[in-house]
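Trainee: this is a predicted model, with the sequence first.
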Amino acid sequence: MSETAEIKHTNLREKGRLMSASEIERTLVRLAHQIVEKTNACEGLALVGIKRRGVPLAERLGVLIAGIVKRPVETGVLDIQFYRDDLSTHGIRPVVNPGDLGVDVAGKHVILCDDVLYTGRTIRAALDALFDHGRPRCVQLAVLIDRGHRELPIEATYIGKNVPTSSREIIEVKFREVDNDEQVLLVENID
């Protein structure tokens, strides 16, 4: 679950818009070109979006990359719900059955995609989930926003925008596929 999915509070105040729809699109075009350059034209590439807002990010990047290299790029969906380390440690533990990714990751160059990189815990859970589906040749990370505050030694290879934040601030990414809106907002918890 990304940071955006956790925003259900009423004590939030919008501080400003970080990216418009056109800025998001330009950023994705730049990321697609960086991925093509760093992956040697994408032989054996698979983009895997972390459910929820990582999925439209992976799908859009896949379309853009396919347009550059003139061949389809595989994309998949990764649900990390039962891999998170913030699940209760008391009581019955859930049984984890890997869901279908929609792509075979064994031996592939996998790029995990998510909207916001914060503590790194979502990505740690995603790596656990991903390896339950097979052993990729290598794994890289693409994020729209890196806001800092890491709790784990995790770093993105492809970053749309670095946004230093305070612990009271939240990055709210909105994609039309999920939210019927297209922008990135900076909001603040006013509790």
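Mentor: Alright, I've got the coordinates.

Trainee: gap between the closest residue to residue 42 other than its chain neighbours and residue 111?
Mentor: Ranked by Cβ to Cβ, 6 or more residues apart in numbering and with sequence neighbours excluded, the top spatial neighbour of residue 42 is residue 69, at 5.4 Å. C-beta here means a position set from N, CA and C on the backbone, and glycine is covered the same way. When distance is defined by Cβ to Cβ, to the nearest Å, residue 69 is 14 Å away from residue 111.

Trainee: neighbour-wise, which of those two wins?
Mentor: residue 111 (29 against 17; other Cβ atoms under 10 Å).

Trainee: which elements pack onto the helix or strand harbouring that one?
Mentor: Residue 111 is part of strand 109-117 when elements are defined by DSSP states H and E. Judged by 3 or more Cβ pairs under 8 Å, 6 or more residues apart in numbering; DSSP states H and E, the packing partners of strand 109-117 are strand 45-50, helix 54-69, helix 121-131, strand 138-146, strand 169-174.

Trainee: quick one: contacts for residue 175?
Mentor: 53, 56-57, 115, 181-182 (Cβ atoms under 8 Å, 6 or more residues apart in numbering).

Trainee: actually, residue 106.
Mentor: Applying Cβ under 8 Å, 6+ apart, the residues near residue 106 are 134-136.

Trainee: go through those residues and flag which are in strands.
Mentor: Taking DSSP state E, every one of these sits outside strands.

Trainee: just the buried subset of these, please.
Mentor: Buried subset of the contacts of residue 106 (neighbour count, 16 or more other Cβ atoms under 10 Å): residue 136.

Trainee: show me the shaky parts of the protein.
Mentor: 1-10, 41, 84-99 (pLDDT under 70).

Trainee: list the helices and strands the longest helix along it packs on?
Mentor: Selection of the longest helix in the chain by residue count, based on DSSP state H, yields helix 21-38. With contacts defined as 3+ Cβ pairs under 8 Å, 6+ apart, helix 21-38 has these neighbours: helix 54-69, strand 138-146, strand 158-162, strand 183-189.

Trainee: could I get the ones you listed as TSV with distance to residue 81?
Mentor: Converted to TSV, the helices and strands packed on helix 21-38 look like this (distance: least, Cβ to Cβ, whole Å):
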stretch	distance to residue 81
helix 54-69	13
strand 138-146	19
strand 158-162	24
strand 183-189	24
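
Trainee: give me the neighbour count for residue 163.
Mentor: 18.

Trainee: from one end of stretch 107-121 to the other, what's the distance?
Mentor: 25 Å (Cα to Cα, to the nearest Å).

Trainee: so how far is it from its chain's centroid?
Mentor: Distance, stretch centre to chain centre, for stretch 107-121: 5 Å (Cα atoms, centre = their mean, to the nearest Å).
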